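Q: Below are the sequence and a predicted model; questions follow.
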Amino acid sequence: MRPPSLLERLLGDSPAEAGRSPRAAADRLRRALAHDIERLLNTRCAWPPERLQRWPRAARSVLALGMPDPAAETGDSLAARRRIAEHIHHTLCVHEPRLQGVRVQALDGRDAAFSIEAALRHGTDGSGLHFDAEVLPGSRHYAVLPAIGPRA
(Lines give C-alpha, C1' and ligand atoms only; values in the text may rest on other atoms or scores of the structure.)
Protein backbone atom coordinates (compact mmCIF):
# COMPACT_ATOMS: atom_id res chain seq x y z
CA MET A 1 0.00 0.00 0.00
CA ARG A 2 1.38 3.40 -0.96
CA PRO A 3 1.78 6.10 1.67
CA PRO A 4 -0.81 8.92 1.53
CA SER A 5 0.12 11.97 -0.51
CA LEU A 6 0.56 15.38 1.12
CA LEU A 7 -2.82 16.53 -0.23
CA GLU A 8 -4.52 13.39 1.12
CA ARG A 9 -2.99 14.00 4.54
CA LEU A 10 -3.99 17.70 4.52
CA LEU A 11 -7.55 16.96 3.42
CA GLY A 12 -7.88 13.91 5.67
CA ASP A 13 -8.51 11.48 2.80
CA SER A 14 -5.84 8.97 3.74
CA PRO A 15 -6.76 5.53 5.14
CA ALA A 16 -5.10 6.47 8.44
CA GLU A 17 -7.57 9.37 8.76
CA ALA A 18 -10.62 7.19 8.16
CA GLY A 19 -11.21 6.47 11.86
CA ARG A 20 -10.79 10.08 13.02
CA SER A 21 -13.51 12.67 13.29
CA PRO A 22 -13.88 15.29 10.54
CA ARG A 23 -13.50 18.04 13.14
CA ALA A 24 -10.12 16.67 14.27
CA ALA A 25 -8.95 16.49 10.66
CA ALA A 26 -10.13 20.07 10.03
CA ASP A 27 -8.35 21.31 13.17
CA ARG A 28 -5.16 19.57 12.12
CA LEU A 29 -5.43 21.13 8.66
CA ARG A 30 -5.86 24.62 10.13
CA ARG A 31 -2.85 24.17 12.41
CA ALA A 32 -0.71 22.85 9.54
CA LEU A 33 -1.72 25.75 7.29
CA ALA A 34 -1.06 28.26 10.07
CA HIS A 35 2.42 26.79 10.51
CA ASP A 36 3.13 26.97 6.76
CA ILE A 37 1.83 30.55 6.55
CA GLU A 38 3.98 31.53 9.52
CA ARG A 39 7.08 30.06 7.86
CA LEU A 40 6.26 31.86 4.60
CA LEU A 41 5.75 35.22 6.32
CA ASN A 42 9.00 34.81 8.25
CA THR A 43 10.93 34.17 5.04
CA ARG A 44 12.51 37.30 3.57
CA CYS A 45 12.50 37.62 -0.20
CA ALA A 46 15.78 38.28 -1.94
CA TRP A 47 14.21 40.64 -4.45
CA PRO A 48 11.07 42.70 -3.85
CA PRO A 49 8.33 42.42 -6.50
CA GLU A 50 8.95 45.92 -7.85
CA ARG A 51 12.52 44.92 -8.83
CA LEU A 52 11.18 41.95 -10.80
CA GLN A 53 8.52 43.74 -12.86
CA ARG A 54 10.46 43.13 -16.08
CA TRP A 55 10.53 39.36 -15.36
CA PRO A 56 7.00 38.25 -14.38
CA ARG A 57 7.90 34.55 -14.19
CA ALA A 58 10.79 35.31 -11.85
CA ALA A 59 8.39 37.27 -9.62
CA ARG A 60 6.59 33.98 -8.89
CA SER A 61 9.79 32.03 -8.31
CA VAL A 62 11.93 31.30 -5.27
CA LEU A 63 13.72 34.61 -5.88
CA ALA A 64 10.65 36.44 -4.61
CA LEU A 65 9.58 33.86 -2.01
CA GLY A 66 8.58 35.43 1.28
CA MET A 67 7.94 38.89 2.62
CA PRO A 68 9.87 42.09 1.93
CA ASP A 69 12.22 43.17 4.70
CA PRO A 70 10.00 44.47 7.52
CA ALA A 71 12.64 47.05 8.48
CA ALA A 72 11.54 48.99 5.40
CA GLU A 73 8.11 49.47 6.99
CA THR A 74 8.56 52.07 9.68
CA GLY A 75 6.10 53.37 12.20
CA ASP A 76 2.92 52.03 13.69
CA SER A 77 0.67 54.25 11.62
CA LEU A 78 -2.43 52.96 9.93
CA ALA A 79 -0.78 53.49 6.53
CA ALA A 80 2.22 51.33 7.52
CA ARG A 81 -0.08 48.59 8.82
CA ARG A 82 -2.06 48.67 5.56
CA ARG A 83 1.17 48.31 3.56
CA ILE A 84 2.15 45.30 5.66
CA ALA A 85 -1.33 43.83 5.11
CA GLU A 86 -0.86 44.33 1.35
CA HIS A 87 2.53 42.57 1.53
CA ILE A 88 0.96 39.65 3.42
CA HIS A 89 -1.86 39.44 0.87
CA HIS A 90 0.53 39.51 -2.09
CA THR A 91 2.83 36.90 -0.52
CA LEU A 92 -0.03 34.50 0.18
CA CYS A 93 -1.65 34.98 -3.24
CA VAL A 94 1.61 34.33 -5.08
CA HIS A 95 3.29 31.67 -2.93
CA GLU A 96 0.52 29.70 -1.19
CA PRO A 97 -1.26 27.77 -3.96
CA ARG A 98 -3.62 25.96 -1.57
CA LEU A 99 -5.48 29.18 -0.74
CA GLN A 100 -7.88 31.29 -2.78
CA GLY A 101 -9.93 34.38 -2.02
CA VAL A 102 -7.31 35.67 0.40
CA ARG A 103 -8.26 38.78 2.41
CA VAL A 104 -5.94 40.43 4.91
CA GLN A 105 -6.90 43.25 7.27
CA ALA A 106 -5.05 45.13 9.96
CA LEU A 107 -6.96 44.61 13.21
CA ASP A 108 -8.26 47.78 14.83
CA GLY A 109 -6.90 48.64 18.23
CA ARG A 110 -4.05 46.13 18.06
CA ASP A 111 -0.68 47.24 16.73
CA ALA A 112 0.94 44.82 14.30
CA ALA A 113 -1.99 42.36 14.35
CA PHE A 114 -3.70 41.13 11.20
CA SER A 115 -6.65 38.97 10.25
CA ILE A 116 -6.23 36.55 7.34
CA GLU A 117 -9.29 34.99 5.70
CA ALA A 118 -9.15 32.53 2.81
CA ALA A 119 -10.67 29.37 1.40
CA LEU A 120 -9.00 26.15 0.36
CA ARG A 121 -8.58 26.02 -3.39
CA HIS A 122 -9.52 22.33 -3.39
CA GLY A 123 -11.74 22.37 -0.32
CA THR A 124 -14.83 20.28 -0.31
CA ASP A 125 -17.04 21.95 2.27
CA GLY A 126 -16.62 25.57 1.15
CA SER A 127 -15.96 26.80 4.69
CA GLY A 128 -13.54 29.64 5.14
CA LEU A 129 -10.28 29.60 7.00
CA HIS A 130 -9.41 32.35 9.48
CA PHE A 131 -5.99 33.07 10.93
CA ASP A 132 -4.63 35.69 13.29
CA ALA A 133 -1.16 36.98 12.49
CA GLU A 134 0.88 39.22 14.72
CA VAL A 135 4.31 40.76 14.38
CA LEU A 136 6.16 39.88 17.57
CA PRO A 137 7.54 42.97 19.31
CA GLY A 138 11.25 43.51 18.97
CA SER A 139 11.84 40.63 16.60
CA ARG A 140 9.91 41.50 13.41
CA HIS A 141 8.83 37.85 13.21
CA TYR A 142 5.27 36.77 12.58
CA ALA A 143 3.25 34.43 14.75
CA VAL A 144 0.25 32.87 12.98
CA LEU A 145 -2.50 30.90 14.69
CA PRO A 146 -5.90 29.65 13.56
CA ALA A 147 -8.50 32.16 14.71
CA ILE A 148 -10.84 31.02 17.44
CA GLY A 149 -14.55 31.48 16.81
CA PRO A 150 -16.42 32.79 13.78
CA ARG A 151 -15.59 36.10 12.13
CA ALA A 152 -18.17 38.84 11.83
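A: Perfect, I can see it now.
Q: so where does the residue most central in space within the chain fall, helix or strand?
A: Nearest to the mean C-alpha position of the chain, by Cα atoms, centre = their mean, lies Ile37 at 3.6 Å. Taking DSSP states H and E as the criterion, Ile37 maps to helix 22-41.
Q: which helices and strands does that helix pack with?
A: Applying 3 or more Cβ pairs under 8 Å, 6 or more residues apart in numbering; DSSP states H and E, we find helix 22-41 packed against helix 6-11, helix 78-95, strand 128-135, strand 142-146. Where C-beta positions appear, they are placed from N, C-alpha and C, glycine not excepted.
Q: May I see these organised as CSV, with distance to His122 and mean neighbour count added?
A: CSV is the format used below for the helices and strands packed on helix 22-41 (distance: least, Cβ to Cβ, whole Å; neighbours: other Cβ atoms under 10 Å):
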stretch, distance to His122, mean neighbour count
helix 6-11, 7, 15
helix 78-95, 16, 17
strand 128-135, 13, 18
strand 142-146, 19, 19
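Q: can I get those in a markdown table with mean pLDDT?
A: Below are these laid out as a markdown table (pLDDT from 0 to 100):
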| stretch | mean pLDDT |
| --- | --- |
| helix 6-11 | 68 |
| helix 78-95 | 90 |
| strand 128-135 | 92 |
| strand 142-146 | 93 |
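Q: got a markdown table for the ones you listed, with distance to Leu52 too?
A: Shown next, in a markdown table, are those (distance: least, Cβ to Cβ, whole Å):
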| stretch | distance to Leu52 |
| --- | --- |
| helix 6-11 | 28 |
| helix 78-95 | 11 |
| strand 128-135 | 24 |
| strand 142-146 | 22 |
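Q: what about the ones you listed, which gets the closest to Leu41?
A: Nearest of the helices and strands packed on helix 22-41 to Leu41, taken as Cβ to Cβ: strand 142-146 at 4.1 Å.
Q: Listing partners with orientation, what would you give for that closest one?
A: Strand pairing for strand 142-146, using DSSP bridges, gives strand 128-135 (antiparallel).
Q: No more questions from me, cheers.
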